[in-house]
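Novice: the amino acid sequence is not available; the structure is as follows:
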């Protein structure tokens with residue numbers, strides 16, 4: 001049995017930084033200020049703007065995708081079943 005480790009006080013700040021990094025990377029790629037692929041760099045811009053912050057988020061919070069999918073399923077179920085009663 002592993003002992004429970006308490007997250008450091010820096011943990012929420014690291015999550016916020018990684019989420020901001022990902023959001024800004026998506027914005028840069030969506031507005032085409034930075035192309036996802038270049039002849040000189042290849043796929044490096046896409047990696048550093050999208051894949052790297054996603055990997056950091058997954059390293060900090062491994063259960064994040066599972067919680068997001070559960071929340072999405074719950075929202076879809078409530079939306080589909082609740083639409084007929086309104």
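Specialist: Everything's here; your move. Computed from a prediction, not measured in an experiment: that's the story for all the values here.

Novice: show me the shaky parts of this structure.
Specialist: Residues of the chain meeting the criterion pLDDT under 70: 1-7, 75-86.

Novice: residue nearest the centroid of it?
Specialist: Ranked by distance to the mean C-alpha position of the chain (Cα atoms, centre = their mean), the top residue is residue 54 at 5.3 Å.

Novice: quick one, what contacts that one?
Specialist: Residues in contact with residue 54 (Cβ atoms under 8 Å, 6 or more residues apart in numbering) are residue 22. For glycine as for every other residue, the C-beta is placed from the backbone atoms N, C-alpha and C.

Novice: now do the buried residues in the helix or strand hosting it.
Specialist: Element membership for residue 54, per DSSP states H and E: helix 52-60. The neighbour-count check on helix 52-60 (16 or more other Cβ atoms under 10 Å) flags 53, 54, 56, 57, 60 as buried.

Novice: which residues does the fourth one contact?
Specialist: For residue 57, the contacting residues are 15, 18, 19, 22, 64, by Cβ under 8 Å, 6+ apart.

Novice: export the residues you listed as a markdown table, with columns for distance to residue 34 and neighbour count.
Specialist: Listed next are the contacts of residue 57 as a markdown table, based on distance: Cβ to Cβ, whole Å; neighbours: other Cβ atoms under 10 Å:
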| residue | distance to residue 34 | neighbour count |
| --- | --- | --- |
| 15 | 24 | 16 |
| 18 | 18 | 20 |
| 19 | 19 | 14 |
| 22 | 14 | 18 |
| 64 | 25 | 13 |
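
Novice: can you flag which of these belong to strands?
Specialist: Secondary structure from DSSP state E places none of these in strands.
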